[in-house]
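>>> Here is the input, now give the coordinates:
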Amino acid sequence: MKQIDRVRVWAVLPLALCAGAFVEPSAAQAPLPSDTPAKFEPVTDAFDHVRRDVMVPMRDGVKLHTVILVPKGAHGAPILLTRTPYNATELTRHAPSTRLGPVLQGYDNAVDVIVEGGYIRVVQDVRGKYGSEGDYVMTRPLRGPLNPTAVDHATDTWDTIDWLVKNVPETNGRVGILGISYDGFLPLMALVNPHPALKVSVPMNPMVDGWVGDDWFHNGAFRQQMMPYVYEQEATRGSEAKWWTAHHDDYDTYLQAGSAGQLGRSRGLEQVGFWRKLLEHPSYDAFWREQALDRLLAEQPLKVPVMLVHSLWDQEDVYGAPAVYAAIEPKDTANDKVFLVIGPWHHGQMIDDGSSLGALRFDSDTALHFRQQILRPFLDQYLKDGAPKADLAPVTAFETGTNAWRRLPAWPAGCASGCAVRPTPLYLRAGLKLGFQAPEAGGSAFEEYVSDPAKPVPFRARPIQPVGYDAERTWPRWLVDDQREASGRPDVVAFVSDVLEAPVKVSGRPVANLVASTSGTDSDWVVKLIDVFPDQVAAPPRMGGYQLAVSMDIFRGRYRESLESPKALTPGEPLLYRFALPTANHVFRPGHRVMVQVQSSWFPLYDRNPQTFVPSIFWAKPEDFRKATQRVYHAPGRASFVELPLVTPN
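Numbers count the residues shown, from 1 in each chain. Coordinates of the predicted model:
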């Protein structure tokens, strides 16, 4: 074609196309058929399991989305059930695979136990989340004063189990329930009026008391870095709404917001029901007491064998499992229904690799040991026909410092026999010393520092990442961060012992007994029990001088006299603050030293105390935040100490 002809063609073509655009289709023309079928049926002949998505009816007519994964050829198999607010579909589709193992590999599945044990795996969305019908309520309370409806997680679990044993033909009619965190709270709820087919419950790192020491508060101090969780969990049924920030460092996000209440308001969080409840209940009132599961289960008959699983460095629910154990173990008169496992893990690490945590190495995969030697025999005993009795001690506890598992008759117990746990004061002394001898007269009576809310003490090295578990975030290991940075700050006092010549073992909850004063009218107190490694070690060298937190927590001063009724502090008056620290099972080895750090902020994990008494710290104004002079006393008659659960020979 010549050049001139191509020009003519291109000149005419737009007119033709334009004219064609206005031609109306005739009535006889059929629509273009869709490439997508009305219902797609995948071919799964090569799969080693059968997947069933069903809607299970509850007693009030609400239907809950439930995923059932049955191993091919299963017959007379037990069921392992997990109920979750975290999307049953995603928890059962971790990989596009024909094999059950990859499909389940991830939260919240003890994959090797499930697959090797031939269990039927069932994961269900709780009411109001993802594929389930109904209304969502954060950790929905039991029927009663806080829940006037006819349903709760106990009834939903009963109805679910009843449906499963009647409608899954491959099962032997025995069901176990297990899960981690919120999914661990739900196996505890299942213990209230349990279904007869429920044969075992395994709550791992369960949410138990959100005010005393789990997700929302610790001794009255608000865990404000959990605000994004509340936002994303409750804003929509499918958790599509995502928390947003304008900073790389969470320290800046929360500091610039002022108060937690103002930050929530700036994100529209008051539209969310649970956030409004948090604002309305900053103290330990009936709202919290009446849904604390350790209190509730103490009043329930013990019908189902329970294995409570606790992580020593659980950065989210470090209170729950030992508290439930203490509440229900006295009812286990035959010593065959309540078991406790304590591992050297972060929150949920028992289903992952457990050979290390942060800089710590444990000489073995402790999580694999738990799953294969403890969890699987326990489940098999109660759920499988003809399975042998598991050879388990009532308590199996990993001892950090020596890196050894211990079989114990109860908790706390320092050894199998021949020893005792005795509360023993470890005194803060003049000259920033620490020792078992009470302070003598003479010398300084206190240590002093200035707490400035404008420059709160970071709870870890900055920049501080948000809460999360993706590969980029280090949130799971912050409890084992080196505490050296804090010990060198002018607003932190650090008391340290002489070098130990003999091992010092603690098993149980250390208790802070802090005699302190503030120039303000309110104050927070953070106490940390720390293992200081030798200045140099052969391997790995980075552990030389490492300051490992063994147990640490915070207490909000306004609750010194009453957890329910806050009261202003008297400026300058030395007062006793007594509060328990988290569970420890640790040996301070010879050549190490013991340290106790005291400070008045732990930011931004916990909201700042303005150090001026206000009705609600959620709504503290900029002018309420003031510097305060803090004094920690260590004189006769005003001795501060940490009461260690010290293991000693009988």
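>>> quick one: residue 85 from residue 132, how far?
Relative to residue 132, residue 85 is positioned 9 Å away (C-beta to C-beta, to the nearest Å). For the C-beta atoms, the positions are set from N, CA and C on the backbone; glycine is no exception.
>>> what stretches of the chain score poorly on pLDDT?
1-28 (pLDDT under 70).
>>> thinking again about what came up before, where do the contact lists of residue 85 and residue 132 overlap?
Common contacts of residue 85 and residue 132 (C-beta atoms under 8 Å, 6 or more residues apart in numbering): 125-126.
>>> quick one: terminal-to-terminal distance for stretch 630-644?
End-to-end distance for stretch 630-644: 24 Å, by C-alpha to C-alpha, to the nearest Å.
>>> same deal with stretch 121-131?
Start and end residues of stretch 121-131 are separated by 18 Å (C-alpha to C-alpha).
>>> same deal with stretch 477-489?
Its first and final residues considered, stretch 477-489 spans 22 Å by C-alpha to C-alpha.
>>> Same check on stretch 125-137?
By C-alpha to C-alpha, the extent of stretch 125-137 from end to end equals 13 Å.
>>> Okay, buried residues for it please.
Buried positions in stretch 125-137, judged by neighbour count with 16 or more other C-beta atoms under 10 Å: 125-134, 136-137.
>>> next one: that stretch to chain centre, how far?
Its chain's C-alpha centre and that of stretch 125-137 lie 21 Å apart, by C-alpha atoms, centre = their mean, to the nearest Å.
>>> what sits up against it?
With C-beta under 8 Å, 6+ apart, stretch 125-137 has contacts from 53, 55, 58, 62-66, 83-89, 124, 140, 147, 151, 153, 156, 186, 234, 237-239, 273-274.
>>> In ChimeraX, select just the buried ones from the residues you listed.
What follows is the ChimeraX syntax selecting those of these that are buried according to 16+ other C-beta under 10 Å:
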select :58,62,64,65,66,83,84,85,86,87,88,124,140,147,151,153,156,186,234,237,239,274
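>>> out of the contacts of stretch 125-137, which are inside helices?
If you go by DSSP state H, those have 88-89, 153, 156, 186, 234, 273-274 in helices.
>>> Let me know the closest of those residues to residue 324.
residue 186 (13.3 Å; C-beta to C-beta).
>>> My read is that that closest one contacts residue 83, right?
Yes. Counting by C-beta atoms under 8 Å, residue 186 touches residue 83, with 4.5 Å between them.
>>> Spell out which residues are contacts of both of the two.
With C-beta under 8 Å, 6+ apart, residue 186 and residue 83 have common neighbours 126, 153, 157, 177, 179.
>>> mind giving me TSV with the buried residues of stretch 125-137 and columns for secondary structure?
Formatted as TSV, the buried residues of stretch 125-137 follow (DSSP: H, G, I helix; E, B strand; the rest coil):
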residue	secondary structure
125	strand
126	coil
127	coil
128	coil
129	coil
130	coil
131	coil
132	coil
133	coil
134	coil
136	coil
137	coil
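>>> Now do the strands in the stretch 301-450 of the chain.
Counting by DSSP state E, counting those that start in this stretch, the stretch 301-450 of the chain has strands at residues 306-311, 338-343, 356-357, 360-361, 395-399, 404-408, 419-429, 433-435, 446-451.
>>> and what of the stretch 101-250 of the chain?
Applying DSSP E, counting those that start in this stretch to the stretch 101-250 of the chain gives strands spanning 120-125, 171-180, 198-204, 217-218, 221-222.
>>> Same list (those strands) but as TSV, adding distance to residue 492.
Listed next are the strands of the stretch 101-250 of the chain as TSV, based on distance: least, C-beta to C-beta, whole Å:
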stretch	distance to residue 492
strand 120-125	45
strand 171-180	33
strand 198-204	33
strand 217-218	18
strand 221-222	17
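>>> Pick out the residue nearest the middle of this structure.
In the chain, the centroid-proximal residue (C-alpha atoms, centre = their mean) is residue 316; its distance is 3.0 Å.
>>> Does it touch residue 182 like I think?
No. Here residue 316 does not reach residue 182: they are 9.9 Å apart, not a contact under C-beta under 8 Å.
>>> Which of the strands of the stretch 301-450 of the chain sits closest to residue 553?
Per C-beta to C-beta, nearest to residue 553 of the strands of the stretch 301-450 of the chain: strand 306-311, 15.2 Å.
>>> Show me the one of the strands of the stretch 101-250 of the chain that comes nearest residue 482.
Between residue 482 and these, the shortest separation by C-beta to C-beta is 21.7 Å, and it involves strand 217-218.
>>> Remind me what that closest one packs against, helices and strands.
strand 547-556 (3 or more C-beta pairs under 8 Å, 6 or more residues apart in numbering; DSSP states H and E).
>>> any idea how far the closest residue to the residue nearest to the centre of the chain other than its chain neighbours is from residue 109?
In this structure, residue 316 finds its nearest non-sequential neighbour in residue 347, 4.5 Å apart by C-beta to C-beta, 6 or more residues apart in numbering. Residue 347 is 16 Å from residue 109, where distance means C-beta to C-beta.
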